[in-house]
Structures are given as structure tokens and as C-alpha cells.
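In: Requesting a structural model of the entry that follows:
(chains A and B)
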Amino acid sequence: MDSVLKAKKIVKNFGGVKALRGVDFELLAGEVHALVGENGAGKSTLIKILTGVLQPDSGEIEYFGKNVVLDSPREAHELGIVAVYQEPLVYKHLSVVENIFIGNEIKKRNGDVDWKKERDVTRELLKSLDIDPYFIDEPMGSLSTGLQQLALIAKALNYNAKVIIFDEPTAILTEHETQRLFSIIKKLKEKEVGIIYISHRLEELPQIADRVTIMRDGQVMGTFNMNEINREKMIELMAGRAVIEEIDRKPPKYEEVVLEVENLNKKGLYQDISFKLYKGEILGFSGLVGAGRSEVMQTIFGLIKPDSGKIKINSKEVNIKDPASAMNIGIAYVPEDRGAQGLFRALAISFNITIPIIDQLSKFFGMVDKDKEREISENYLKWFQIKAPSIYTLVNNLSGGNQQKVLLSKWLATSPKILILDEPTRGVDVAVKSQIHNEILRLAESGISIIIVSSELPEIIKLSDRVIVMHEGRITGRFDKKDSITPTNLLNAATGSRMVYSRD
Amino acid sequence: MMKKFLKLMAVNRSFFLFVFLIGMFVVFSFIIPEFSTIYNVLNMTKYGVEIGLLAFAETLIIISGGGGIDLSIGSILSLSAMVIGVLAGRLGVNIVIASILGIITGGLCGVVNGFFVSFLRIPPLIVTLSTMYVYDSLALLIAVDKWGNPMPVSNFPYGYYFIGQQTYFNIPFQVIAIFIPLALMLHFVLSKTTFGRYLVATGNSEVVARFSSVPVRRVKFTVYVIGGFLAGLAALIMTSRIASARPDLGAGLNLQAITIAVLGGTNIMGGEGSILGTLMAIVVITALYNGLQLAGISSIWQVGTLGIILIGSAIANIILSKKFSSVE
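Out: Okay, here's the model as predicted:
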């Protein structure tokens, strides 16, 4: 088979973070090439480079044997490299036909759009994939995600695509839709299209993929024919021997249950979530992005209303109707997205740190006690070594690491008893990361109960006393013994549907 | 020195307007000798009070973000004015009670707006566009006399007029007793209190505010209610000043109030703005209208110049901030 797309020694750095360290990757015509790896392994960065969204720092890309420079997504698109994302990017209010031909209309002599021809071509495209074209006049927005994907595949074919990249296409499809997608992918193979297939569902790969490339830490760990490798071997390569820092920490006493969650359900987000949190422990929540962990935490914090289930604080059932009532009973939630959820970027550090407790800082007539505000803000600035000219500096002007420290300060200032940290070290450098880790350990030592949601295995393994793993909205693993908390065990639970237990 | 001056103009909207005001004063004083007399300067202030209160209302509402705007603010004024007029002038209700009920009517109109915006989450533009028509109609409806025509009411008791017509040392009563205290109070609320913090937080990002346990809905609801009360108060002052309640008193004031708030530096996207800035904009516009009038220019030009000044200040701001407000 011919090589369609070849990436050679691709290097990409974001600031100090090495996202890709010399990646080689080859896609053949008519093959389905799976790309796997845990979050942060570099899959998305590689795809973005292959579709022209990002430019590599060094390395070459060959397309049908010729060197190409992909300066923009448009350029990649015109060459015939197309990506179909999990949440398809579509014009919701336009029909399927309009979506397929937008910017590329078939015109009559007088300049009018030739609707008849466009609809004929659309029908032909879909029929060539064995899809019944009954839905071509419907607005895209009214179709299921599965049908939207099909329409985008038809669009790609209309562009004469030679490479189609699927980014976790089956994550939100029903079983039936998944099977249909697979049969269409097989049709695409017959048309000599090269397919890159990214998925966290390792069990579905033997059914669809010809080869698989495994990535970890921005490197390719190996490319294998699908029949030469099994699931265990893939997980071993994905997990690798990640450098896990050993820390000196006494396990908590497991005497006092501070928080108990019983059979929490929310349709479409998570099912049957039950767990206990003990005083002074660090409970890790592992899993892949989109497993429903953040949603569970946001429910405990009163941001999402569950359909059913109980939340108990100190064995008493509580009704947490909003974040304010969660805060009043001692719960703090540090969200994963600093910019969109955590901080007011256009406002001062002091404003951000004190906003949750501003009511407690008021004197008469609701007037903010500026002295107290300054005192609290300056304390955190000093204590966390936040690098800023003053507490009135705008958050926007801080580096990512310092912003993260401001975010942590904001919630520590509420003096929580239960601290929920969602990706507490995302996008910060190594020094800040270890500083934040030390702080988390110190807080647990002082009797605060901590939940850490993290997609980074080394972080979970280093800090957690116990770990719960979630996969597609369900708990798929519980690890209570420190020596059972290993990368392989956690990944096994995070990628599969099998329940993994390890208990005393 | 010059650079510092221009930079301050770019960064600080109130200072920008202040400089503009001085310039305008100088120009008008040369053209019209009576413009800068103490009598004229003090007397003109009363014309800024009613639109000023509405602009303060818009300032708070626009800061609340999420497309926060109140297109019905002038219509609330009309309705409140007619409530006072009809109760006192036609039904013979005690003028104090009529005035209080008029202001409460304004507050209730704000409650309706706030309820739809914050609890039913309908976009503010849609809500207040709808209530604008409804309040206008209600004002006309209650203005209907026994012959079936909507008519103004002007037979207020004599004692009522002190609110809008009394002066002390040439300073109008409503300026010193109502407008200045209210401006100080609103400035205090917005810049010094926890409510002010919540309002700025909500306007900056509703999501972050929710994640920060800010009572977002209560905050948004409250600003519309405050807005309604301010419009009711403006109705009281206006009917007293012109000694008449008409169902079209607030016509045209809706957008003028928004324009002045924006001219004063309120960010139309929410989260940013100040009472001081809006106050400066009110002073500028009031002085401008007065100057144009004294110069014998037809009042037809008034709103036109308002528009020109708004777009002009936006352009000046862009030029200045491009040159001087970049981080150095």
C-alpha cells in the first residue's frame, strides 16, 4: 500500500512544555490507523499539526511522497486532509445539503445555486456509503450526533478527501450508530482513503483498526499490526514507567466519614455514584477527560441538580441547592477551567480572592472592609509566593501558575473542611506543580478532607490515599490499597467497562 | 507631561469627559456671554436630573451583563407619572400618598422586568422591549378621561411644585435634596459594598460568578428593581417641574438614558462602569443641550448631537487607547 501521509521527527513545544518530542507517524492508503494514549500524551497536538491548526517547531510532513507545509486548516483541507470531531462542527440551521456545499456551491450559468444538482450529488455521496439519504433536507441541528457525523463524512468525500481523521467518534454514539459508523469506515477503506482513528475504547480497536500507534509523553511508543498486540500490552505501553514521586505520608485513620454520596444519578452525565470521604484523607478521582468526574463534583458543590441520590455530611443528609449553601457547610470546589470557571481575569487579584467570602468582610451597610481585604489578599500573596506587583494587579497579567495559585487562595480563604480540586495543576510548570502538591499534602495533614480530580496518572498516584476511577459516567474501579494504585490498574479501569476492585 | 495627560484621557473615561466639558465651556462662553453666568450654570442642572436618574439606572443594569439593558425605563417614567397625576389630579388622593404609589409603581415595573430576566432567563432586550410597549399602553390607558381620550393631568395641589421648581440660592431643590444624595449613595453601593462586588462579578462572567457562590439571579433581579424605583422617582420630579403629567413624558428617554450611560464609560458587554463616569456624561450632555439652546440652535439638533458625541468619543477613545494605554 502507498503512504498517504507521513510525519517525520515532529517536535512541538508550548512554552516550556514539550508536547511532541520527535514523533514519526505514517498513514497508508486504505488503512485504518488507530492512535491511542492517555490524556496529554500528544495525540491532539499531532492531529492539530496534521490538519494545519498548529505548526510544528521542527520536523517534516510528507503527503503522497512530497514535502508539504500546512500553514492553515484551509490548506490541509484543500489537500484532502479532513478531521471529524466528536462534537461535529456544523451550521445547525442549514440543511444537510447546504452544510455539505457551503463555500463550494454548484452554480448554474446565471450564478444561481443549482439546488437540484447539489441534492443529487448529496444523495449519490450518501448512497455510495450505503446510507439512506432520507435526511438531506433536514436542518443539521435536528439530526442526531451520529447522523451529523455521517453528513460530515459525505462532505469530506465531496472534497475528495484522502485522509479522514476521527477524533473519538464513538464516545457519544449509541451501539447501533457505532456499528453503522464502522461499516462506513470500511466503505471508506475501499475508496483508498487513509483513516486515523483516535479512541479511548481499546476494546473496539480489533474490530475496526488495521494498525495501532501508541503514544506517551509526546513520543511514539510503537506502531503495531492490530493482530500482533492485545489490550494488556497496549495499556502497558500507554502507562509506561511513569516517574512516580515517592512521598512520605502517613495514611489517614479512616475513622470519621465526612462526606458520603449514595446512588447519585444524573441522566446523560453519570450513574450510580456512591463513595465515602474520610477526614484528612486525599481521595483521587481518576479517569479520562469526559468521564463525568467534574459533573459529580459540581453536583456536590450545588451547581448541578441530581435526578436522584443522597449527599450526607457528617452522616446527616443535606440539601445543597446552590454553591452558597455548599460553601456554608464547608465545601469548596476549585474548578478545572481557570479562565471560564475559576477567575475573573479582567479583575484584580484581591477581588478574586475575596469574592466568595465578601459577605464576611462587610462592616456597616454592606461596606467592604478594605483593610481586611488587603490583609487576607496580601497574606496569600506572600504565603503562596504569588509573583505580582500588588494585590490590585489584574489576573490577566499573571502567568498560568500564578493564576492557579490565586484560584487556590480564593477557595482556601473560605476555610473549607472538604476541598474538591479539579485538575489543580493543569497548565502550570513543574516548580509550581510541586509547590501545589506540597500544599495539598499539608492541608490533608491538618485534617481537611480532599478530593482530587486529575487526568494525570502520576499526580493521582503520588497524592492519593485511595482512588476511584470513572469511565463514561460510571465508577469502574476502586483502589483502597496504596500498592494497588498503579498506572496499569488505573488505566485498565479508565478505558474499559470491566469493574476493577482492590480492597482489603 | 503631555503624554501622561493623553494617557490618563485614554484610561480614565471620567477624566476624558471632564476635559471635554472644560473645552465645551470655553467655547460656549466665547459664543454666548450668558452661558457661563452662575445663574445659568446652576439653573441648567435641573434639566439633567430626570435623565440622569434614568442613566444611573441603566448604568447598574448594563453592568449586570448578559445583555443587560432596560429599554422600558422611559416608559416606566411615563406610567409612574400618570399614576401620580391620575391619583392626585383626578381622584383627589392625597398628593403624598399619590407620589409614594407612583414611585412604587415604578418599582413594580422593575420587579416585572427583573423577574423575566433573572428567573425566566429571557434576554433583557426582549423583556424590556415588550414591557416598553406594555407600560406605554398602560400609561395611555389610565390617562383616558371620561370622554374616552388620553389626556394630560395638570391640576396638582400647589404644594407639590416645590420638588421640581423650588431653588435655594439658585440651586434647584431636586438637585441638592434628591439627585446629589442619590448619586453619592449609588456610587457608594457600586464601588464600596458587597452588592457592588457581586454586581461587577456577575457582569464580568456569569459562569465564574456562579462558581464563586455569587447569588447571580438575586443580583440581576435587584438592579432592575432599583432601575424601576429610580424611574418612578424621576417621574415625580418631572411632573412637579413641568406641573403636568402626560402619558408620553418618557418618550425618547429610553435610548437617551442608555446612550449617556455608555458615554460615561459603562461597558455595553457588562462588568464595567461607574456612577462618576455616568455623572460626568450627564453634566456634559446637559451643558451641551443648554448651550445649543442659548445659541439659538433648534432643539431638533439635540439628540443628533448626542449621537455625534457618542460616536465621536468612541473614536477618540480608540485612537487614544491605541497610542497610550498599551502595557509598557
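
In: Now do the same contact list for the residue of the stretch 51-200 of chain B found nearest chain A.
Out: In the stretch 51-200 of chain B, the residue that lies nearest chain A is residue B:193 (4.1 Å; Cβ to the nearest Cβ). The C-beta positions use only the backbone N, C-alpha and C, and glycine is treated the same way. Contacts for residue B:193 (Cβ atoms under 8 Å, 6 or more residues apart in numbering or on different chains) come out as A:362, A:365, A:366, A:367, A:368.

In: Which ones among these lie within strands?
Out: Among these, no residue falls in strands (DSSP state E).

In: follow-up on the earlier one: distance check, the residue of the stretch 51-200 of chain B closest to chain A against residue A:370.
Out: Applying Cβ to Cβ, to the nearest Å, the value for residue B:193 to residue A:370 is 12 Å.

In: try residue A:107
Out: In terms of Cβ to Cβ, residue A:107 sits 66 Å off from residue A:370.

In: Strands of chain B, residue ranges please.
Out: B:167-168, B:171-172.

In: which one of those lies closest to residue A:44?
Out: Closest approach to residue A:44 among the strands of chain B is made by strand B:171-172 (65.8 Å; Cβ to Cβ).

In: which residues sit against that closest one?
Out: Strand B:171-172 is contacted by residues B:42, B:43, B:45, B:46, B:49, B:164, B:165, B:166 when judged by Cβ under 8 Å, 6+ apart.

In: of those residues, the lowest pLDDT goes to which?
Out: For those, the weakest pLDDT value sits at residue B:164, with 78.

In: ok, it touching residue B:175?
Out: No. Counting by Cβ atoms under 8 Å, residue B:175 is not a contact partner of residue B:164; they are 10.5 Å apart.

In: so how many other residues sit close to the residue lying closest to residue B:35 once chain neighbours are set aside?
Out: Distance criterion Cβ to Cβ, 6 or more residues apart in numbering or on different chains; nearest residue to residue B:35, sequence neighbours excluded, is residue B:28 at 4.4 Å. Residue B:28 has 21 neighbours, counted by other Cβ atoms under 10 Å in any protein chain shown.

In: ok, now the one 4 residues further on?
Out: A total of 18 residues lie near residue B:32 under the criterion other Cβ under 10 Å.

In: Tell me the residues of the stretch 251-400 of chain A that contact chain B?
Out: Contact residues, the stretch 251-400 of chain A versus chain B (Cβ under 8 Å from any Cβ of the partner chain): A:303, A:322-324, A:326-327, A:333, A:335, A:340-344, A:346-347, A:351, A:354-356, A:358-359, A:361-362, A:365-368, A:397.

In: contacting residues around the residue in the stretch 1-150 of chain A that chain B sits nearest to?
Out: Relative to chain B, the nearest point of the stretch 1-150 of chain A is residue A:93 (18.1 Å; Cβ to the nearest Cβ). Contact analysis of residue A:93 by Cβ under 8 Å, 6+ apart lists A:139, A:140, A:141.

In: The second one and residue B:194, how far apart?
Out: Right, residue A:140. 46 Å.

In: isn't there a strand covering the residue of the stretch 1-150 of chain A closest to chain B?
Out: No. Secondary structure assignment (DSSP: H, G, I helix; E, B strand; the rest coil) places residue A:93 in coil, not in a strand.

In: Check what pLDDT it gets.
Out: With respect to pLDDT, residue A:93 scores 91.

In: Can you pull the residues of the stretch 51-200 of chain B lying near chain A?
Out: Neighbours of chain A within the stretch 51-200 of chain B, by Cβ under 8 Å from any Cβ: B:188, B:192, B:193, B:194, B:195, B:196, B:197, B:198, B:200.

In: so how far is residue A:324 from the third one?
Out: So the one you mean is residue B:193. From residue B:193 over to residue A:324 (counting by Cβ to Cβ), the distance is 18 Å.

In: Next up, the contacts around the residue nearest to the spatial centre of chain A.
Out: The residue lying closest to the centre of chain A (Cα atoms, centre = their mean) is residue A:289, at 3.3 Å. Shown in contact with residue A:289 (Cβ under 8 Å, 6+ apart): A:39, A:455.

In: give me that answer again for 10 Å
Out: The contact partners of residue A:289, taken as Cβ atoms under 10 Å, 6 or more residues apart in numbering or on different chains, are A:38, A:39, A:40, A:168, A:200, A:336, A:423, A:455.

In: Pull up the overlap in contacts between residue B:164 and residue B:175.
Out: Shared contacts of residue B:164 and residue B:175, counting by Cβ under 10 Å, 6+ apart, come down to B:46, B:49, B:237.

In: right, and the last one touches residue B:50 too?
Out: Yes. Contact criterion Cβ atoms under 10 Å: residue B:237 and residue B:50 qualify, at 5.7 Å.

In: list residues touching both of those two?
Out: Common neighbours of residue B:237 and residue B:50 (Cβ under 10 Å, 6+ apart) are B:77, B:164, B:174, B:179.
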